[in-house]
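*Asks:* structure for the following, please:
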Amino acid sequence: MPARVVVVMRDHNFANATAHLLVAHGIHAVSFSRPMEALDHLDHAVHAEILVTSGSFRGTQPTGLSIARVTRTRRPNLKVIFVDKPEVAPYVADDASAFMEMPVSADEIAQTVERLVHESH
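*Replies:* Residues are numbered from 1 along each chain as shown. Next comes the predicted model:
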């Protein structure tokens with residue numbers, strides 16, 4: 001079964017491009033730009049192995065760290081890739097399977113996802 005990846009990024013176009021690239025690599029992926037929609041999806045998804053998210057979102061939206069922690073209460077083996085500015089890294093380090101500094105390309109994220117998939121199988 002292909003890995004199931006949920007991409008939650010502030011930039012909707014970037015989230016979509018990343019998910020489409022992952023699908024092109026044979027990895028089932030969906031994208032969201034709204035954290036609450038992603039949480040709802042993660043709550044009902046049968047399979048979710050990897051979460052790719054920003055550390056923070058604008059306004060009163062839940063942070064990527066919140067999404068990861070809430071989801072891990074139900075999915076303790078969830079791997080999380082945080083994609084954000086370097087100053088966010090210390091705040092998410094304990095919860096990160098990987099941290100990628102912005103700017104980053106969808107290709108680089110796809111490579112990291114593939115590495116985590118291979119490590120877990």
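
*Asks:* all helices for this structure, in order.
*Replies:* Taking DSSP state H as the criterion, the chain carries its helices at 12-24, 35-44, 64-74, 89-92, 106-120.

*Asks:* among those, which is nearest Ile81?
*Replies:* helix 106-120 (5.7 Å; Cβ to Cβ). C-betas here are computed from N, CA, C, even on glycine.

*Asks:* that closest one to helix 12-24, inter-axis angle?
*Replies:* Angle, helix 106-120 to helix 12-24, by axes from the mean of the first three to the mean of the last three Cα atoms, to 10 degrees: 50 degrees.

*Asks:* which strands or helices does helix 106-120 pack on?
*Replies:* helix 12-24, strand 50-53, strand 79-84, strand 98-101 (3 or more Cβ pairs under 8 Å, 6 or more residues apart in numbering; DSSP states H and E).
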